[in-house]
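> starting from these lines, generate the structure:
(chains A, B, C and D)
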2 protein chains.
Amino acid sequence: MQNAFVEIAGVKRSLHVQVAREIARKILSGEVAQNEIIPGEMTLCEQFKVSRTSLREAIKLLTSKGLLESKPKVGTRVTDRENWNFLDSQLLDWLIDIGDNNAVYRDFLSLRNALEPEAAALAAENASAQQRILLSATFQKMDDISKNFDLESWTEADMEFHRLIFLSTGNSFYLPFANVLCTMFKSFITHSSVRGSTCINEHRAIYSAIMAGDSVKARQANVDLLNKSKRRLPSSD
Amino acid sequence: MQNAFVEIAGVKRSLHVQVAREIARKILSGEVAQNEIIPGEMTLCEQFKVSRTSLREAIKLLTSKGLLESKPKVGTRVTDRENWNFLDSQLLDWLIDIGDNNAVYRDFLSLRNALEPEAAALAAENASAQQRILLSATFQKMDDISKNFDLESWTEADMEFHRLIFLSTGNSFYLPFANVLCTMFKSFITHSSVRGSTCINEHRAIYSAIMAGDSVKARQANVDLLNKSKRRLPSSD
DNA sequence: CCACTTTATTTGTATTACTATTAAATTATT
DNA sequence: AATAATTTAATAGTAATACAAATAAAGTGG
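Here you go, the predicted model:
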């Protein structure tokens, strides 16, 4: 009964996250400009009808993603776009919610082009026994699905496959991409803007090369995959 | 007078950041294991001698970097390493402070190998007029310094050069690397673990190719640079 | 006109109280 | 006795308020 208006304010999820999302949207969409000083804490508290505690937690969240910067007396300012952490999954979620996803997808594909071949090569050299087992299981699943196609389960397995490659590089700096990748793939699913083609043979080539510990071949196989899928995606939306 | 003990507690910078750093150190160093539940808020408040507000802000900060995860009744748990955002500058700072930087530097170089050639190629195609001017000025500075060498100013200019390339890609996902790069370079400076070689000709090749809008040549030039510097770094520390 | 001091504003920290969530223990029911 | 529903207790989440610290801007004195 008493939580009726909570649902009105948005999805019932924790308050400061709701507030953070709302502010993030305005920043990411450009509704509030870079370097602009946003209203003071008290003002925002009234505007969002939340306590200062919650508001501050929201601002702290955005600060840690590089969107805001607070200084006493001067206020809280929107930082330059250069400082925004576009590889943060939550931030990506917010960004995707806004709309102009074509640019996002294109940029992301470009990043995949740079990273995945190298990641595949590293995985071929460094994947642990445990990781090889997981990768095997996942590829097996892909192979099965490709014979009896279903878009959702395919995307799921596809995502897991590439995620595991990033996790198997043995390089900490590649780990964040695993999460970003998941976010993007989930977005692909909900916006269903992918064509239904599996590229199972290209995936098999990557898989085999990694298993064989052949980094050169793994890199090349991943390049081939991306080249093929490049012709598939861009016309989406 | 009254801020005497504040300085004892650490550098005087804001409280919740100090607390966050302390907790982060324990997590990153492995002193507290992954998936382990850290003590409850009240316990930590007493331990760090800070209010619950500050402690919560610290925890929120770490949560947003993927290090922690809180759930009611169960407590706050250290997440799997896969979720740690190694591309966050602050997190990197903490990581570097701990010690085993050889692995960090090696991994970072590997990432540069994957990203920079592609970034240079993109910059050749997409750099704005403004960005080309900045790049020109920076390269000019590098050229000057190379003739009258000084390690610190050269590292500074070198960093700015590569940073500008990332910023000029026109791809949002490359932006975070600009910051990570800065953090790493600053760490190089303070730990002075770089040899004093400028590679000015390799840099000139990159610069010229970008200015000429020749993405293929820019990519190759950056590969050449990395190949050369690869033989320089690894024996550091 | 400059250097210094005061003041006012805004974020930062602290304290306390209450709410919501949920894992686990308890009880009731089949 | 086993299972399902209920209660309980522990923990994070939210709120409200007060005070501290920092600092930009206004004011003051030399």
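
> following the helix-or-strand element of chain A with minimal mean pLDDT, which helix or strand comes up?
Using mean pLDDT, DSSP states H and E, helix A:4-8 stands out as the lowest-scoring helix or strand of chain A, at a mean of 32. Following helix A:4-8 in sequence order, the next helix or strand is helix A:15-28 (DSSP states H and E).

> quick check: residues of chain A near DNA strand D?
Taking C-beta under 7 Å from any atom of the strand, the part of chain A that reaches DNA strand D is made up of A:14-17, A:50-54, A:57, A:71-74. C-beta coordinates here come from the backbone N, C-alpha and C atoms, glycine included.

> and of the residues you listed, the nearest to residue A:166?
residue A:17 (26.3 Å; C-beta to C-beta).

> next, count neighbours for the closest one.
17 (other C-beta atoms under 10 Å in any protein chain shown).

> surely it touches residue A:58?
Yes - judged on C-beta atoms under 8 Å, residue A:17 makes contact with residue A:58 at a distance of 7.4 Å.

> in chain A, which spans are strands?
Ranges of strands in chain A, per DSSP state E, are A:37-38, A:68-71, A:75-78.

> nearest to residue B:39, of those?
strand A:68-71 (28.4 Å).

> now do the closest one: distance to the chain's middle.
Between the centre of strand A:68-71 and the centre of its chain there are 25 Å (C-alpha atoms, centre = their mean, to the nearest Å).

> which parts of it are buried?
By neighbour count on 16 or more other C-beta atoms under 10 Å in any protein chain shown, the buried set for strand A:68-71 is A:68-70.

> which parts of chain A sit against DNA strand C?
Residues of chain A lying near DNA strand C (C-beta under 7 Å from any atom of the strand): A:2-3, A:12, A:40-42, A:52-53, A:56, A:59, A:70-76.

> the residues you listed, buried ones only, as a ChimeraX selection?
Buried members of these, defined by 16+ other C-beta under 10 Å, are picked up in ChimeraX with:
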select /A:56,59,70,76
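
> what comes up buried for the lengthiest helix in chain A?
For chain A, the helix with the greatest residue count under DSSP state H is helix A:101-126. By neighbour count on 16+ other C-beta under 10 Å, the buried set for helix A:101-126 is A:101, A:104-105, A:107-124.

> who are the packing partners of it?
If you count contacts as 3 or more C-beta pairs under 8 Å, 6 or more residues apart in numbering or on different chains; DSSP states H and E, helix A:101-126 packs onto helix A:89-98, helix A:151-167, helix A:175-190, helix A:200-211, helix A:215-230, helix B:101-126.

> measure how it sits relative to helix A:200-211, angle-wise.
On the basis of axes from the mean of the first three to the mean of the last three C-alpha atoms, to 10 degrees, helix A:101-126 is oriented at 40 degrees to helix A:200-211.

> what's around the nearest residue to residue A:22 once chain neighbours are set aside, how many residues?
With sequence-adjacent residues excluded and distances taken as C-beta to C-beta, 6 or more residues apart in numbering or on different chains, residue A:22 is closest to residue A:48, at 7.1 Å. By the criterion of other C-beta under 10 Å, residue A:48 has 18 neighbours.

> surely residue A:48 and residue A:56 touch.
No - checked against C-beta under 8 Å, the pair residue A:48 and residue A:56 is beyond contact range at 11.8 Å.

> contacting residues for the residue positioned nearest the centre of chain A?
In chain A, the residue lying closest to the centroid (C-alpha atoms, centre = their mean) is residue A:180, at 2.7 Å. Residues near residue A:180 by C-beta atoms under 8 Å, 6 or more residues apart in numbering or on different chains: A:87, A:89, A:92, A:108, B:173.

> ok, the residues you listed vs residue A:185, which is closest?
Once C-beta to C-beta is applied, the member of the contacts of residue A:180 that ends up nearest residue A:185 is residue A:108, at 10.1 Å.

> can you pull the pLDDT of that closest one?
On pLDDT, residue A:108 comes in at 93.

> how about the one 4 residues further on?
pLDDT, residue A:112: 94.

> try residue A:46
Residue A:46 is given a pLDDT of 94.

> what about the closest residue to residue A:86 other than its chain neighbours, how many residues nearby?
Spatially, and ignoring its direct neighbours in sequence, residue A:86 is nearest to residue B:172 (4.6 Å; C-beta to C-beta, 6+ apart). By the criterion of other C-beta under 10 Å, residue B:172 has 19 neighbours.
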